[in-house]
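> Show me the folded form of this:
(one chain, ligands or ions: 1)
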Amino acid sequence: MNEAIRQVLSDSLPTLKDPRIGFVTVTGVEATTDFEHAKVFVSVLGAEDERERSLAGLEAARGVLQAQIARELRLRRTPVLTFEYDPTVERGVQLTKLIDELAPEGPMPDTADDMAAVVAALRERDRFLVTSHEAPDGDALGSLLATGLALRKLGKDAVMFLGGPAPLPGEYRFLDLPARGLLRERPDDASERVLVAVDCASAERVGAEPGLVDASAFTINVDHHHDNPRFGDVNLVVEEASSTGEVLADVFGELGLAPTPDIAEALYIALVTDTGRFQYANTTPKALRLAAELVEAGADVNRVFQGVYENVQFAKLKLLARALDRAQVLEGGEIVVSHLLRGDFEDVGATEPYSEGIIDVLRSVEGSLVSALIREPPRDGAPARKISLRSSADEVDVSAIARKSGGGGHREASGFSSDLSIEEITEFIVREVAAQVGVARGE
Ligand SMILES: [Mn+2]
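Numbers count the residues shown, from 1 in each chain. Have a look, this model is predicted:
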């Protein structure tokens, strides 16, 4: 009988509408022999306040749950439920977190527990809000779409969302994301849904919507940025993965989900863009094998190539021309810097995302270790200047430079915002690169 009650409760919990109830698992039930009372042991993932809120929500739902048990088990008298917190499951998660904190620079953390926690959350929950980061790239949009499609295939209610004022980058227009349900306005029931953040290096960037993580009762964080602070209630951050798409392919595998052609294409876009068309240093054998599997599953390589790389708006070409014209080499050619002024965007008829990819042309210059593009976003309310950084050398970690100015990213690709002048930003970058190169060369 205990197990039967546990089953009914497990099935009923996800239907409760109380937003206080977070990620609760019923770990056991102990009814008294006369069935007057039953203790329900629950584990709650998350911080202590989330646990308390969940328990309060369960207390409030006691009557509903008792009625459900009476109905489903055809009982004449229903035991009175009391809820008790069972710390064992949470302890497992806490321990993983603790180990991560104790040894942040240590050997590669084993992500098996994280994978299990993420898979369990995706499997057990029913309503999701899937999102990625502001100024989305191919990995962000491909991962977002793949996750939305995968959850729907599992029969879940999954809403895709990306806020912010900036239009979606033109390279991904062929994906027709709005027609496939991508919302640009936060839905009213957002806080009742489990938030799934993919490819988001920090909580602030999630969904291009300030406060989205704080407003969510439960957050699943899947990413591959090495400095991801694990802002979710469950986190799967695989630093050695080429892309978030690659991490998701493993998650879907654990869920027993074979990719449809649509899902395969979305994952392939994530993979091909984040590896620089399979040419950056993150192009591992695993990434290449996954690409082959995705093509087998129906990803159309040529359609993606034409959509992403052969659909350049003419205004984008003209914007690139401005950046190339202003490019300068510093420090004997080790640093290549250029900038785009607010007026440039207007002059050539370009919107903000048109500047994506220019940095990759700058980084291709012979002898350069670091490239930087300083641009003035052509919209109100934006920071005065946004800076993209790329490193082509092991001895320079551009994410460290970005972090000093409140930004972040990867060792080889990062960014930050600044209100300093173009000259001051250039000086800062030159100084920081010189310091890192000096240390690396033992100067
Ligand atoms: Mn990525």
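> Now do the contacts for the residue in the stretch 51-200 of the chain positioned nearest to the ion.
Closest residue of the stretch 51-200 of the chain to the ion, Cβ to the ion: residue 139 (3.4 Å). For glycine as for every other residue, the C-beta is placed from the backbone atoms N, C-alpha and C. With contact set as Cβ atoms under 8 Å, 6 or more residues apart in numbering, residue 139 has these partners: 199, 243-245, 270-271, 273-274.
> In CSV, could you pull the C-alpha coordinates for the longest helix seen in the chain?
Using DSSP state H, we find that the single longest helix of the chain is helix 422-440. In CSV, the C-alpha atoms belonging to helix 422-440 read as follows (Å, rounded to 0.1, in the frame of the first residue of the first chain):
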residue,chain,number,x,y,z
ILE,A,422,37.5,53.2,-28.2
GLU,A,423,41.1,54.4,-27.5
GLU,A,424,40.8,53.5,-23.8
ILE,A,425,39.4,50.1,-24.6
THR,A,426,42.2,49.5,-27.1
GLU,A,427,44.8,50.4,-24.5
PHE,A,428,43.2,48.1,-21.9
ILE,A,429,43.3,45.2,-24.3
VAL,A,430,46.9,45.8,-25.4
ARG,A,431,48.0,46.1,-21.7
GLU,A,432,46.2,42.9,-20.7
VAL,A,433,47.4,40.9,-23.7
ALA,A,434,51.0,42.1,-23.1
ALA,A,435,50.8,41.1,-19.5
GLN,A,436,49.6,37.6,-20.3
VAL,A,437,52.1,37.1,-23.1
GLY,A,438,54.8,38.4,-20.8
VAL,A,439,53.9,35.9,-18.1
ALA,A,440,53.8,33.1,-20.6
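> Give me the mean pLDDT for it.
Mean per-residue pLDDT for helix 422-440: 95.
> Stretch 359-379 too?
94.
> Identify each buried residue in that stretch, please.
359, 361-363, 368-378 (16 or more other Cβ atoms under 10 Å).
> re earlier: so the residue of the stretch 51-200 of the chain closest to the ion is in which element?
helix 138-153 (DSSP states H and E).
> quick one: the helices in the stretch 101-250 of the chain?
Remark: helices assigned in the stretch 101-250 of the chain by DSSP state H, counting those that start in this stretch are 112-124, 138-153, 212-215, 244-254.
> Could you single out the most deeply buried of these?
Across the helices of the stretch 101-250 of the chain, averaging neighbours per residue (mean count of other Cβ atoms under 10 Å) puts helix 138-153 on top, at a mean of 27.
> and that one with helix 244-254, angle?
Using axes from the mean of the first three to the mean of the last three Cα atoms, to 10 degrees, the direction of helix 138-153 lies 20 degrees away from that of helix 244-254.
> how about residue 42, secondary structure?
For residue 42, the assignment made with DSSP: H, G, I helix; E, B strand; the rest coil gives strand.
> Might one say that it is in contact with residue 26?
Yes - assessed by Cβ atoms under 8 Å, residue 42 is found in contact with residue 26 at 5.5 Å.
> Next, show the common contact partners of the two.
If you check residue 42 and residue 26 against Cβ under 8 Å, 6+ apart, no residue is contacted by both.
> For the closest residue to the ion within the stretch 251-400 of the chain, give me its contacts.
The minimum distance from the stretch 251-400 of the chain to the ion, using Cβ to the ion, falls at residue 274 (4.6 Å). Going by Cβ under 8 Å, 6+ apart, residue 274 touches 137-139, 242-245, 280, 282.
> Write out the residues of the stretch 151-300 of the chain neighbouring the ion.
For the stretch 151-300 of the chain, the residues in contact with the ion (Cβ under 5 Å from the ion) are 199, 244, 274.
> do you know how far the last one is from residue 161?
From residue 274 across to residue 161, the span is 21 Å (Cβ to Cβ, to the nearest Å).
> and if you look at the second one?
Residue 244 sits 17 Å away from residue 161, going by Cβ to Cβ.
> what distance separates stretch 70-80 from the centre of its chain?
43 Å (Cα atoms, centre = their mean, to the nearest Å).
> which outside residues touch that stretch?
Under Cβ under 8 Å, 6+ apart, the answer for stretch 70-80 is 1, 4-5, 8, 31-32, 35-38, 62, 66-67, 69.
> What of stretch 125-132?
For stretch 125-132, the surrounding residues in contact (Cβ under 8 Å, 6+ apart) are 14, 23, 122, 140-141, 143-144, 147-148, 151, 156-162, 187, 189-190, 192-200, 206-207, 209, 212, 216, 218.
> among the residues you listed, which ones are buried?
23, 122, 140-141, 143-144, 147-148, 151, 156, 158-162, 190, 193-200, 206-207, 209, 212, 216, 218.
> residue ranges with poor pLDDT in the chain?
In the predicted model of the chain, residues 88-109 satisfy pLDDT under 70.
> Nearest residue to the middle of it?
What sits nearest the mean C-alpha location of the chain, by Cα atoms, centre = their mean, is residue 198, with 2.2 Å.
> Excluding chain neighbours, what is closest to it?
Leaving aside its sequence neighbours, residue 198 sits nearest to residue 143 (Cβ to Cβ, 6 or more residues apart in numbering; 4.1 Å).
> With residue 189 instead?
residue 127 (7.9 Å).
> So what's the residue count around the one you found?
For residue 127, the count of nearby residues is 14 (other Cβ atoms under 10 Å).
> Give the buried residues for stretch 15-31.
Across stretch 15-31, burial judged by 16+ other Cβ under 10 Å covers 16, 20-29, 31.
> How about the contacts made by residue 67?
Here residue 67 is in contact with residue 78 (Cβ under 8 Å, 6+ apart).
> give me the element it is part of.
Using DSSP H and E, residue 67 falls in helix 62-73.
> Which segments of this protein make up each domain?
2-86, 90-309, 314-440 (automatic domain parsing).
> Quick one: end-to-end distance for the shortest one.
Looking back up the chat, that one is domain 2-86. Start-to-end span of domain 2-86 (Cα to Cα, to the nearest Å) is 16 Å.
> again with stretch 327-347
End to end - Cα to Cα - stretch 327-347 spans 18 Å.
> From the rest of the structure, what touches that stretch?
Counting by Cβ under 8 Å, 6+ apart, 319, 322-324, 326, 350-352, 354-355, 358, 362-363, 365-378, 422, 426, 429-430, 433-434, 437 sit against stretch 327-347.
> Tell me which of the residues you listed fall in strands.
Cross-referencing these against strands under DSSP state E gives 370-375.
> Turn these into a markdown table, including distance to the ion.
Below are these laid out as a markdown table (distance: Cβ to the ion, whole Å):
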| residue | distance to the ion |
| --- | --- |
| 370 | 20 |
| 371 | 19 |
| 372 | 20 |
| 373 | 18 |
| 374 | 22 |
| 375 | 20 |
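> and which of these is nearest residue 261?
Compare each of those with residue 261 using Cβ to Cβ and the shortest gap goes to residue 373, at 35.6 Å.
> what sits against the closest one?
Contacts of residue 373 by Cβ under 8 Å, 6+ apart are 323, 337-340, 355, 358-359, 362, 387-388.
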